[in-house]
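J.: Would you be able to build a 3D model of this:
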Amino acid sequence: MHANARRAKTLAELAKAIANGTPSAKNSEALAKLGVPEDEQTNAAVVAAAVFHQAATGNIPAVEKWQQLTEDSAHDSGRYYLPAVQIGKAFVDINRQIEPNKEYIFKGGRGSLKSSFIGFKIVEIIKNYPDINGCVVRKVSNTIKDSVYAQIKWCILQLGLEEEFDFKVSPLEITYKKTGQKIYFRGADDPAKLKSIKPERGYIGFLWLEEADQFSGEEEQRNIQQSVLRGAGDVFFLFKSFNPPKSKTNFMNRYVAQRKANMVVHTSNYLDSPAEWLGEFFLAEAAHLAEANPSAYENEYMGMANGAGGLVFENVIDEEITDEQIATFDRIYQGVDWGWYPDPYVFVRLYYDKARETIYIFDEHRVNKQLNSATAAWILDKGYNDYLVVCDSQELKSINDYMGLGIKAQAAVKGPGSVEYGIKWLNGRKIVIDSHRCPYAYKEFTEYEYEKDKDGNDITGYPDANNHAIDATRYALERCMARRENRA
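T.: Next up, the predicted model:
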C-alpha cells in the first residue's frame, strides 16, 4: 500500500513537473502565434492549445473540455466567460482575441451566426465591466424590436441568465439587475434620441451598428459613434456587422478593404455553423440557390461582394418570350403600382419558375393621367382577370374601384424593411425580360442604381424614383417571398 501510494505521488509530481516544463521550440512557436507570452509557455499550455484547436474544428468532447477549462479560469478570476458550446466554431478564435478600444467588423452571409455572437459578447461585456452601458443602433427604429432587441434577449435566455435581466419594450431597454447597467436600442432615423442617452450610472462603453451597410455612408456612422461614445471612459467596444452587398463599390465593402489601424475584420459563412442550428429548410434553400443561381448564392450565403458596380440588378437578361412559351406558364403573377403624373401607373404580368429560380416578365402597361376605369378596362380587354392583381396598398380607394369593376384586386402587404427584403429577393433570381414586349420594365431594371453618399460611394439604399415596374414586380411576387428568420 505504502509503495503504491508513493508511486502515485511520484507520478503526480512527475506529471506536474512535465506540465510546468519548457515546451519544444516548435511548440513554443505555436504558442506564440496564439498570443501566449513567453513566460507562460509551458507544456500545460501546449495541452490547452491542443484542446482549443480540436474545439475549433467542432470536436464536441474537446468543446466540452474547453468549456470546463474556461469555466475553471472564470471561477478563479471572478470574470464571466461565454460557454464554448454557445459559440459557432468560426468565432472560437476571435472570441478570445477581442479587447477594448478596437473596432470589430463582422461580415458574412445568411446563417453565419455573426449577430448571435455579438449578442452573446455584449452580455459578457455587461457582466464584466460594471461601469459600461451600451447602445445598439440600426438604420430604422421600427425594425429594432423584432431584430436586435429580440436577438440579445434570445442570447440571454440561451445563457440561462434571464433572471439577472429586466426587459422593457417602451422604450426598448434591457437592464442588468445587479448593477443597473442598460442596453439601449435606437434608430439612426431619430438622431435626437441618440444624443439624449444619459445612463444613471457609468457611461456608454459599447456600440453595435447592426446591418452597417444600411447606413448612409461612413459620415453617418462617424456621427453616430461620436454622439453615442462621446463620454466613453478608457474602455470601449465598437462592433459593426453586415451582409456584404453585391456591389463591390458599396461603402462598407470599400471600408473593410482599408484595414485601418485598430480595426479587426472577421468573415464567416453558414458552412461554419452547426447544421442543426440552421435547420433542413435553410440548408435545402442554400443548396438549391447554389445550383440555380451560383452568383446569388455566393453573395447571399457566402457573403461575397461579387457585383461589378453600382447597378442594383445585375441578373437581368433580355430574351424573347414567345407566345408558345407563355402558353406553357401555369401560374401567373400580376402587380400594379399606382400613379398619375409625373409618376406613371404601371401594371406587370409575369411568371415565376421556382425550380429554376427564374422570373419571366412578358407584359406591361405604363400610362400617365388615366382613370382607374381606363386602366381596368385595359386589363379586362387583355383577358388578364384570370389571376389576382396585387396592388400598392397606398391607394385603397383605387383597389376598391378595381374590385367594383370586376377585377380580382388585393392590397400588397407592406412592413418595415419590405422594400429592402423584396429587392434582395429579386436579386437572388434570374430575371428574364422581353424588351420588345416590356421596354419600360427592361429600362428600369437595367438602369436602377444604388444610392450614393456625398463622396460618390454606393450605399445600401434604394432610390424611390424610376422604380415603378420594380415595385409592381415586388407586389406581384410577395406571396413567393416567404420570410424565415435564422441565426445570422
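J.: can you tell me how far Asn306 sits from Gly233?
T.: Separation of Asn306 from Gly233 (CB to CB, to the nearest Å): 42 Å. (C-beta placed from N, C-alpha, C; glycine too.)
J.: Let me fix that, I meant to ask about Gly180.
T.: Gly180 is 17 Å from Gly233, by CB to CB.
J.: what's the answer for Val256, then?
T.: In this view, Val256 and Gly233 are 27 Å apart by CB to CB.
J.: Looking at the two now, which is surrounded by more residues?
T.: Neighbour count, other CB atoms under 10 Å: between Val256 and Gly233, Val256 has more, with 20 against 14.
J.: tell me the contacts of Phe106?
T.: Residues counted as contacts of Phe106 (CB atoms under 8 Å, 6 or more residues apart in numbering) are 114, 117-118, 239-242, 266, 268.
J.: Confirm it sits in a strand?
T.: Yes: using DSSP: H, G, I helix; E, B strand; the rest coil, the assignment for Phe106 is a strand.
J.: quick one: contacts for the closest residue in space to it that isn't next to it in sequence?
T.: Of all residues not flanking Phe106 in the chain, Lys114 sits nearest, at 4.0 Å (CB to CB, 6 or more residues apart in numbering). Counting by CB under 8 Å, 6+ apart, Lys114 touches 106-108, 241, 266, 268, 488.
J.: With Asp471 as the reference, measure out to His365.
T.: With distances taken as CB to CB, His365 is found 14 Å from Asp471.
J.: Looking only at neighbour counts, state which of the two leads.
T.: Asp471 (23 against 20).
J.: tell me the secondary structure for that one?
T.: For Asp471, the assignment made with three-state DSSP gives helix.
J.: Can you tell me the closest non-neighbouring residue to it?
T.: Sequence neighbours aside, Asp337 is the residue nearest to Asp471 in space, at 4.4 Å (criterion: CB to CB, 6+ apart).
J.: Check Asp93 too.
T.: Using CB to CB, 6+ apart, the closest residue to Asp93 is Ala56 (6.4 Å).
J.: The one you found against Val92, yeah?
T.: Yes: applying CB atoms under 8 Å, one finds Ala56 in contact with Val92, separated by 4.6 Å.
J.: and which of the contacts of Lys114 is nearest Phe167?
T.: Ala488 (20.7 Å; CB to CB).
J.: give the contact list for the nearest residue to Ile132 once chain neighbours are set aside.
T.: Closest residue to Ile132 apart from its sequence neighbours, by CB to CB, 6+ apart: Gly205 at 3.3 Å. Contacts for Gly205 (CB under 8 Å, 6+ apart) come out as 125, 129, 131-134, 229, 232-233, 235-237.
J.: Whichever of these count as buried, I'd like them selected in ChimeraX; how would that read?
T.: Filtering the contacts of Gly205 down to the buried ones (16 or more other CB atoms under 10 Å) takes a single ChimeraX command:
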select :125,129,132,133,134,229,232,236,237
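J.: which of the contacts of Phe106 has the most neighbours?
T.: Ranked by neighbour count under the definition other CB under 10 Å, these are headed by Lys114 with 28 neighbours.
J.: what about that residue, distance to Met481?
T.: To Met481, Lys114 is 23 Å away according to CB to CB.
J.: low pLDDT regions in the chain?
T.: Residue ranges of the chain with pLDDT under 70: 1-16, 19, 58, 60-77, 232, 308-309, 454-457, 460, 482-488.
J.: can I see the domain layout of it?
T.: Per automatic domain parsing, the domain ranges recorded for the chain read 2-86, 89-288, 310-480.
J.: need these in a markdown table with distance to Glu298, can you?
T.: Output for the domains of the chain, formatted as a markdown table (distance: least, CB to CB, whole Å):
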| stretch | distance to Glu298 |
| --- | --- |
| domain 2-86 | 24 |
| domain 89-288 | 8 |
| domain 310-480 | 11 |
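J.: picking up where we left off before, just the C-alphas of the host helix or strand of the residue nearest to Ile132, formatted as CSV.
T.: Here Gly205, judged by DSSP states H and E, is contained in strand 203-210. Extracted in CSV, the C-alpha atoms of strand 203-210 (Å, rounded to 0.1, in the frame of the first residue of the first chain):
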residue,chain,number,x,y,z
TYR,A,203,-21.1,55.6,-19.4
ILE,A,204,-21.9,54.2,-22.9
GLY,A,205,-19.0,51.9,-23.4
PHE,A,206,-20.1,49.7,-26.3
LEU,A,207,-21.8,50.4,-29.6
TRP,A,208,-23.2,47.9,-32.1
LEU,A,209,-24.1,49.1,-35.6
GLU,A,210,-26.2,46.3,-37.0
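J.: what does the helix or strand following that strand contact?
T.: Using DSSP H and E, the helix or strand that follows strand 203-210 in sequence is helix 218-228. With contacts defined as CB under 8 Å, 6+ apart, helix 218-228 is touched by 135, 137, 188, 191, 194-195, 197, 204, 207, 209, 212, 215, 238, 240, 251, 255, 453-454, 457.
J.: Quote the end-to-end distance of stretch 366-385.
T.: 18 Å (CA to CA, to the nearest Å).
J.: Which residues does it contact?
T.: Residues outside stretch 366-385 that contact it (CB under 8 Å, 6+ apart) are 334, 336, 339-342, 344-347, 349, 363, 365, 389, 398, 401-402, 405-408, 440, 468-469.
J.: Mind checking which of the residues you listed are in helices?
T.: Those of the contacts of stretch 366-385 mapping onto helices are 398, 401-402, 440, 468-469, per DSSP state H.
J.: Those: which two are farthest apart?
T.: Using CB to CB, the two most remote members of these are Asp401 and Tyr440, lying 23.1 Å apart.
J.: you'd agree Ile361 is up against Leu350?
T.: Yes: if you go by CB under 8 Å, Ile361 and Leu350 touch, sitting 4.6 Å apart.
J.: Can you work out which residues contact both of those two?
T.: Common neighbours of Ile361 and Leu350 (criterion: CB under 8 Å, 6+ apart): Thr473.
J.: Am I right that Ile183 is in a strand?
T.: Yes: assessed by three-state DSSP, Ile183 belongs to a strand.
J.: burial count for it?
T.: 27.
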